[in-house]
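Can you look at this prediction? I've put the sequence above it.
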Amino acid sequence: MKILVTGVKGQVGHALQHTLGGHHEIVALDREQLDLADTDAVRRVVQLVRPALIINPAAYTAVDRAEKEPELAHAINAVAPGILAEEAANIGAGLIHFSTDYVFDGNKEAPYVETDAVNPLSVYGRSKLMGEVAIQAVGLPHLILRTSWVYGAHGKNFLKTVLRLSAEREQLKIVDDQWGAPTSSHAIATAVNQLLDAWQIDNQSQSGVYHFTNAGSTTWFGFTRAILAAYEVRADAFALPPLRVKADTVGAITTAEYPTPAVRPRNSRLDQTKLNKTFGVALPSWEQALDEVMGQVQRFD
Ligand SMILES: NC(=O)c1ccc[n+]([C@@H]2O[C@H](COP(=O)([O-])OP(=O)(O)OC[C@H]3O[C@@H](n4cnc5c(N)ncnc54)[C@H](OP(=O)(O)O)[C@@H]3O)[C@@H](O)[C@H]2O)c1
């Protein structure tokens, strides 16, 4: 199948290009080749490439900066997905789009299901929600995959930051009262590849929103300890440089002790039942995904 993938220098875009490349004809475009803020370019490129499917992992993902750049976040996250959907519909293509746990306010105690009420707390969350709505309004075959806490061997992410800061600093204090599922870009791409086999694109009842994260949950503090513990095991085996901060010396703090411009949901856990039941696709546990990624991470800067 001919697939147009946006934002291929990002974490998920990069993983998709590599994972799907052996199975499909991929037209992989970075921001220079397709700027989602340029609606004319978006229309032109889709009409030129004429893919059977568009996958859109490109997004404005700087959650805190978005509070100061709402117009740009809106253009990329809210407007562009709707244009992609319109152009896909015009050429009879489908669309797979990524969204976020930050469409919820986090006040629910249990994991969120797809039908739960949304109430984003940030500019980023609101812009991503508007992107979902814009796609659904077009009514084409689509999957909106809400993921969370994305990291991987490629790109800027929390895992890389933890490893870098643990080498530089004596002490690390990490938030321990936000719950969610760290999700690796590799696990996302592998599961999208499985979805492409399972999705009957003409079956309209399969179109819609799906929660799409690694299984299980932890806090940022729990994730940090797991990253450092995994590093310590490998440091012994592969003679990697020791870190100053150890898994058992990380400090736990509250969100109130680490204020950020954008408010994050306390509970980001997303229930995976709909994805499992509809497509028979299940992402592995976050611990298993972390183990796989730690095997790939060679450099941490
Ligand atoms: N990262 C997370 O923790 C997280 C959590 C929940 C949901 N998600 C969602 O998952 C998807 C993938 O995220 P990710 O982690 O792969 O993000 P990422 O690593 O930040 O990559 C985003 C990509 O989008 C590109 N981009 C930004 N503005 C663009 C524009 N105007 N035109 C074209 N491309 C543009 C960036 O280009 P440059 O490389 O040039 O900057 C980057 O390559 C996104 O929809 C995101 O909202 C992410």
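Okay, I see it. Bear in mind the structure is a predicted one, so any value in this text is a computation, not a measurement. Numbers count the residues shown, from 1 in each chain.

Wait, Leu283 touches Thr213, no?
Yes: counting by CB atoms under 8 Å, Thr213 is a contact partner of Leu283 at 6.5 Å. For every residue, glycine as well, the C-beta is placed using N, CA and C.

Now do the shared contacts for the two.
Each of 183, 272 lies in contact with both Leu283 and Thr213 under the rule CB atoms under 8 Å, 6 or more residues apart in numbering.

Comparing the two, which residue is more hemmed in?
More neighbours surround Thr213 than the other of Leu283 and Thr213, with 31 against 25 (other CB atoms under 10 Å).

Grab the nearest non-local neighbour of the more buried one.
Ala181 (4.0 Å; CB to CB, 6 or more residues apart in numbering).

what residues does this protein put near the ligand?
Residues of the chain lying close to the ligand (CB under 6 Å from any ligand atom) are 6-7, 9-13, 31, 34-37, 57-61, 76, 98, 100-101, 128, 147-150, 155.

Out of those, which sit inside strands?
Assigned to strands by DSSP state E, the following of the residues of the chain next to the ligand qualify: 98, 100, 147, 150.

What about the second one, how many residues nearby?
Burial of Thr100, expressed as a neighbour count using other CB under 10 Å, amounts to 28.

those helices in this protein, which residues are they?
All helices of the chain, identified by DSSP state H, fall at 11-21, 39-49, 70-73, 80-90, 123-138, 158-168, 185-198, 220-238, 273-279, 286-294.

just checking, Val123 touches Arg65?
No: with contact defined as CB under 8 Å, Val123 and Arg65 do not form a contacting pair (9.2 Å).

Looking only at neighbour counts, state which of these two leads.
Val123 (25 against 15).

List the contacts of that one.
So Val123 contacts 66-67, 70, 73, 262 (CB under 8 Å, 6+ apart).

Going by neighbour count, which of those comes out on top?
Ala73 (26 neighbours).

So which residues make contact with stretch 15-27?
For stretch 15-27, contacts defined as CB under 8 Å, 6+ apart pick out 1-5, 8, 28, 49, 51, 55, 57, 152, 154, 185-186, 188-190, 192-193, 196.

In ChimeraX, select just the buried ones from these.
With 16 or more other CB atoms under 10 Å as the criterion, this ChimeraX line picks the buried residues out of these:
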select :3,4,5,8,28,49,51,55,57,152,154,185,186,188,189,190,192,193,196
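
Return the distance of Tyr200 relative to Gln206.
Actually, residue 200 is Gln. It isn't Tyr. Separation of Gln200 from Gln206 (CB to CB, to the nearest Å): 6 Å.

which residue sits closest to the residue of the stretch 1-150 of the chain found nearest the ligand, ignoring its sequence neighbours?
Residue nearest to the ligand within the stretch 1-150 of the chain: Gly10 (2.1 Å; CB to the nearest ligand atom). Distances taken as CB to CB, 6+ apart put Pro57 closest to Gly10, at 5.9 Å, once the chain neighbours are dropped.

Give me the distance between the one you found and Gly155.
For Pro57, the distance to Gly155 - CB to CB - is 11 Å.

list residues touching both of these two?
The contact sets of Pro57 and Gly155 overlap at 10-11 (CB under 8 Å, 6+ apart).

neighbours around Glu170, how many?
Glu170: 8 neighbours (other CB under 10 Å).

isn't it right up against Val245?
Yes: the criterion here is CB under 8 Å, and Glu170 meets it with Val245 at 7.3 Å.

Is it correct that Thr224 is in contact with Leu172?
Yes: using CB under 8 Å, Thr224 is in contact with Leu172, at 6.9 Å.

Tell me which residues touch Asn193, please.
19-20, 23.

Low-confidence stretches in the stretch 151-300 of the chain?
Along the stretch 151-300 of the chain, the model assigns pLDDT under 70 to residues 297-300.

For it, give the residue positioned nearest to the ligand.
Gly155 (4.5 Å).

how close does that residue get to Ala28?
Taking CB to CB, one finds Gly155 at 15 Å from Ala28.

How about Leu16?
From Leu16 to Ala28 the distance is 8 Å (CB to CB).

ditto for Leu290
Leu290 is 26 Å from Ala28, by CB to CB.

what's the answer for Gln178, then?
Gln178 is 33 Å from Ala28, by CB to CB.

next one: Gly125
Using CB to CB, Gly125 is found at 27 Å from Ala28.

next one: Ala167
33 Å.

can you tell me which residues contact the residue of the stretch 151-300 of the chain closest to the ligand?
9-11, 14, 185.

possible to save those as a markdown table with distance to Glu232?
A markdown table is the format used below for the contacts of Gly155 (distance: CB to CB, whole Å):
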| residue | distance to Glu232 |
| --- | --- |
| Lys9 | 31 |
| Gly10 | 29 |
| Gln11 | 24 |
| His14 | 27 |
| Ser185 | 23 |
